[in-house]
Structure formats: C-alpha cells, structure tokens
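Student: With the input below, show me the fold.
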Amino acid sequence: MTILNISAYKFVGLDDLASLRERIVECCEALALKGTILLAPEGINLFLAAPRAAVDTFLAWLREDPRFADIVPKESLSDAPPFARMRVRLKKEIITMRAPAIRPAEGRAPHVLPRDLRRWLDQGHDDAGRAVVLLDTRNDYEVAAGTFENTVEYGLSSFTGFPAAVAADRERFEGKTVVSFCTGGIRCEKAAIHMRDLGIENVFQLEGGILKYFEEVGGAHWRGDCFVFDGRGALDPSLAPSDSP
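Tutor: Got it, this is the predicted structure:
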C-alpha cells in the first residue's frame, strides 16, 4: 500500500481550540489517519499519513472552514505510515519561539519561490544583483543531516535561541539578500519576520521550506538529506526515505 505523507501549516488566529480539536479528532479517527496536529492561538501545524483518498477527504473537510481554505500541503510517499498513532494537541505556539511580538497571522514576510531561489543560486546573485545569503533556522541535529551549500547556521539546540543569535550577527547581512529556510516553512516564516523587525533589509523566507524545494526543484545546491520528525528519519532530494544511517 502506498502512503501519502503531508505536512502543512497556517498562521491564523484561532479562538475555539477545544471545540476545533474535538472536531478534528473525530474526523481523523473516522478516516484512520496517523500523525500529529498542533493547534494554538496562532494557527495549525499538521503532519498526516494515510492512503491518498483518506488524506484528500480530510483536507476537503478541513478547507470547509474558511480559515483553512487556502492551506497547501507538502507531499511525499512511503510504503508504510511513519507515525504510530494520531495525536491532536493544544499548544501555546505551533512552533515555539517565545517571541510574542512575532505574529505571522498579521502579515507575512516576503517569500521566494523554490524555482526562483534555484535561479538565484545558479546565477550567484538575486535579480537586483545582490549576493544571496542562505540562513538555516533549524536545530543542529537537523543541519547535520544536510543543508544548502554555503549556508549560515547557528548550531541551535532549540529555535528559541534564534532571535538572540541572529541579532548578534546582523552585520553579516548588510547589503545582501537573506533567504531563511527550514523543513516546511514554519520556522523560517517567523525567522524572516523577526529579522525584518530587527531592521535587516532584503529578507525572504523560502516558500514551503526544504520539502517544497525538493518537490519542485530537486537537490540542486543541496548537500545530504533533510531531517524529518517522523519514523523515516530523513528524506533525500527525491523525497524518498534516506538510506543514510
């Protein structure tokens, strides 16, 4: 059996968390989905696995809620579900940064599409002629599995350390275009907003993160695999589970 794995998130204000959780649990159980869904006042973050028909049914149901009508998942396939069970959890943040002033639901930072980032990296500069700096916002063990060539990374043990690390490194980015990236887009979205608020100019987030880059572009300018938070461990640029230990 082929399993469809999806990841998606949406920063949107949610004030009905308990009842929303109850409805989502009921739908997931009816469809025998496996994975994790996080709900917080700032939005939803989901990782699901099941045969495609079940996943498509869930997404159609979720999009009936206008708050989630435009949610777009990243997809990959596997031979078995990489999750042992289904969990729907209430959290303070869907990605913990502990920077309450950062509210992506009130306005996103600019983004760059995977194909445009590939073009910038191929030509060695952005469309304005500025040098491009790639900034990995993930934790150290994720970076160790693989990252883009010539990437700036801070050896973080937790995303909560990112604000202080980037604030101390502002001079590096002067006069350059900065592209923040992460696995699926959620961390680099908060990171890009924080950098913009620090006064760093020409900051973009990689739309859809590494997984969308792999899906649309492949492994150009990438070295290694992409760590994922499920039973597969890591994916190669073809979005197949990595054979690396």
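Student: List the residues that contact the closest residue to Val179 other than its chain neighbours.
Tutor: Excluding the flanking residues, the one nearest Val179 by Cβ to Cβ, 6 or more residues apart in numbering is Phe204, at 5.0 Å. Placement of C-beta: from N, CA and C, glycine included. By Cβ atoms under 8 Å, 6 or more residues apart in numbering, the contact set of Phe204 is 109-112, 177-180, 192.
Student: Which parts of this structure belong to which domain?
Tutor: Listed domain ranges for the chain are 3-90, 104-235 (source: automatic domain parsing).
Student: The shortest one: how far from the chain's middle?
Tutor: The chain centre lies 15 Å from the centre of domain 3-90; the measure is Cα atoms, centre = their mean, to the nearest Å.
Student: can you tell me how far Leu31 sits from Thr57?
Tutor: With the distance defined as Cβ to Cβ, to the nearest Å, Leu31 ends up 6 Å from Thr57.
Student: got any ranges where the chain has weak pLDDT?
Tutor: Applying pLDDT under 70 to the chain flags the ranges 244-245.
Student: Show me the residue at the heart of it, geometrically.
Tutor: Gly184 (2.0 Å; Cα atoms, centre = their mean).
Student: Could you spell out the sheet neighbours of the helix or strand hosting the residue nearest to Val179, each with its direction?
Tutor: Assigned by DSSP states H and E, Phe204 belongs to strand 203-206. Paired with strand 203-206 in the same sheet, following DSSP bridges, are strand 111-112 (parallel), strand 177-181 (parallel).
Student: picking that back up, now render the contacts of Phe204 as JSON lines, adding distance to Glu42 and neighbour count.
Tutor: Compiled in JSON lines, the contacts of Phe204 are given as follows (distance: Cβ to Cβ, whole Å; neighbours: other Cβ atoms under 10 Å):
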{"residue": "Ala109", "distance to Glu42": "15", "neighbour count": "20"}
{"residue": "Pro110", "distance to Glu42": "20", "neighbour count": "11"}
{"residue": "His111", "distance to Glu42": "18", "neighbour count": "18"}
{"residue": "Val112", "distance to Glu42": "23", "neighbour count": "20"}
{"residue": "Thr177", "distance to Glu42": "27", "neighbour count": "21"}
{"residue": "Val178", "distance to Glu42": "23", "neighbour count": "24"}
{"residue": "Val179", "distance to Glu42": "23", "neighbour count": "25"}
{"residue": "Ser180", "distance to Glu42": "18", "neighbour count": "30"}
{"residue": "Ala192", "distance to Glu42": "15", "neighbour count": "27"}
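Student: wait, which of these is closest to Val228?
Tutor: Ser180 (18.8 Å; Cβ to Cβ).
Student: what about Ala105, how many neighbours?
Tutor: Using other Cβ atoms under 10 Å, Ala105 has 14 other residues around it.
Student: Compute the distance between it and Arg67, please.
Tutor: In this view, Ala105 and Arg67 are 10 Å apart by Cβ to Cβ.
Student: After the lengthiest helix in the chain, heading C-terminal, what element do we hit next?
Tutor: Longest helix in the chain, counting residues (DSSP state H): helix 17-31. Sequence order places strand 34-40 as the next helix or strand after helix 17-31, per DSSP H and E.
Student: What angle do strand 34-40 and the next helix or strand after that next one make with each other?
Tutor: Per DSSP H and E, the first helix or strand lying C-terminal to strand 34-40 is strand 43-50. Between strand 43-50 and strand 34-40, the angle comes out at 170 degrees (axes from the mean of the first three to the mean of the last three Cα atoms, to 10 degrees).
Student: What strand or helix carries Thr183?
Tutor: For Thr183, there is no host helix or strand (DSSP H and E).
Student: quick one: contacts for it?
Tutor: Per Cβ under 8 Å, 6+ apart, neighbours of Thr183: 7, 138, 142, 209-211, 226-229.
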